[in-house]
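**Q** I'd like to go over a predicted model; first the sequence, then the structure.
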Amino acid sequence: MRLSYDACWQTIASLLRSHADILSVIAGVFLLLPLLAQTIYLPPPVLSSLSPAAFEAFLGYYQANILPVLFVRLATLTGTGCLLALLLAHDAPTVGEAIRRAAHMLPALFLADVLLQILVAIGLIALVLPGLYLIARGVLTAPIIMAENIRNPIQALKRSFVMTNHLGWQIFGLIAIIMIVTWIGSSAALTVAGVVFQLMLPDGALSLTRAFIGAISPTILTFVFTLLSAGLYRQISAIKSQV
């Protein structure tokens, strides 16, 4: 069984073309704004090295700001759930219906996200490669929750592993290609924009501009990863139905 990168990319492009306006509004409200608020009021420390001191500072930040960080995560999960509802639901929900569905499934999305992050963290600590492989195997968990109305996060995670059986490294390859290209492209564009803004804007506006630029990058990555997971779900579902 082979995964067609081209077919998956065409699926993602088709989804984006069909829902571009609505998706951009949802991403702005539920992804960009919460991340922008965090960047302005509670900027996380920069993990510049893999030293114990850097990790200690990183963990200390989350321990001291657990509630606002949790709120931001719940907001972004609501946004991704809403995006997936719009992309994958068969009954073409309105934006309001998609938001309600995402809010209704938020506990499942959150618990599944926690479970998957724990598994990936264990894999990364072990030998790195197992963690990367687990990212690929669990990539369909959120689409499954939203498309199939599965409220049990363990059941959704198991179903993702079943659907991605024998496809793990192929999926990881596609994720790596798209996310690396997205990261490089967005980083380059934002760096240029930062230089231009620094030259044009007064000092008083620079801090807000830097915060905005800092929030855009993770927003783009989350948005692209959500589109990618939806495209993978559609293609793998089609492959499984033909077997």
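**A** It's in.
**Q** any idea which element residue 97 lies in?
**A** According to DSSP states H and E, residue 97 maps onto helix 95-104.
**Q** Longest helix in this structure, please.
**A** Secondary structure of the chain per DSSP state H: the longest helix is helix 203-242.
**Q** ok, back up a step: give me the contacts around the helix holding residue 97.
**A** The contact list for helix 95-104 (C-beta atoms under 8 Å, 6 or more residues apart in numbering) reads 22, 25-26, 77-86, 89, 93, 109, 146. Every residue, glycine included, has its C-beta placed from N, CA and C.
**Q** Pull out the buried positions in it.
**A** Residues of helix 95-104 classed as buried: 98, 99, 101, 102 (neighbour count, 16 or more other C-beta atoms under 10 Å).
**Q** packing partners for the worst-scoring helix or strand of the chain on mean pLDDT?
**A** Within the chain, no helix or strand scores below helix 52-64, which has a mean of 76 by mean pLDDT, DSSP states H and E. Helices and strands in packing contact with helix 52-64 are not found; criterion 3 or more C-beta pairs under 8 Å, 6 or more residues apart in numbering; DSSP states H and E.
**Q** ok now that helix, how far from the chain's centre?
**A** 23 Å (C-alpha atoms, centre = their mean, to the nearest Å).
**Q** buried set for the longest helix of the chain?
**A** Residues 210-220, 222-237, 239 are the ones in helix 203-242 that count as buried (16+ other C-beta under 10 Å).
**Q** what pLDDT, on average, does it get?
**A** Mean pLDDT, helix 203-242: 84.
**Q** Which elements pack onto it?
**A** Under the contact definition 3+ C-beta pairs under 8 Å, 6+ apart, helix 203-242 sits against helix 5-26, helix 33-41, helix 66-88, helix 141-148, helix 153-163, helix 168-200.
**Q** one step back: list the buried residues of the next helix or strand after the helix holding residue 97.
**A** The helix or strand immediately downstream of helix 95-104 is helix 106-127, counting by DSSP H and E. Neighbour-count burial for helix 106-127 flags 106, 108, 109, 110, 111, 112, 113, 115, 116, 119, 120, 123 (criterion: 16+ other C-beta under 10 Å).
**Q** can you check stretch 150-162 too?
**A** 150, 153, 155, 156, 157, 159, 160.
**Q** can you put these in TSV and add pLDDT and distance to residue 36?
**A** TSV is the format used below for these (pLDDT from 0 to 100; distance: C-beta to C-beta, whole Å):
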residue	pLDDT	distance to residue 36
150	93	32
153	95	28
155	96	35
156	96	30
157	95	30
159	95	34
160	96	30
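**Q** Can I get the residues you listed in CSV including distance to residue 65?
**A** Converted to CSV, the buried residues of stretch 150-162 look like this (distance: C-beta to C-beta, whole Å):
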residue, distance to residue 65
150, 31
153, 25
155, 32
156, 29
157, 28
159, 34
160, 30
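**Q** Out of those, which comes closest to residue 17?
**A** residue 160 (26.3 Å; C-beta to C-beta).
**Q** contacting residues around the closest one?
**A** 137, 138, 139, 140, 141, 144.
**Q** Check residue 105 too.
**A** When contacts are counted by C-beta under 8 Å, 6+ apart, residue 105 touches 81, 145, 146, 149, 151.
**Q** For the fourth one, give its distance to residue 143.
**A** Applying C-beta to C-beta, to the nearest Å, one obtains 12 Å for the distance of residue 149 from residue 143.
**Q** between the two, which one's more packed in?
**A** The residue with more neighbours, out of residue 149 and residue 143, is residue 143; 27 against 12, by other C-beta atoms under 10 Å.
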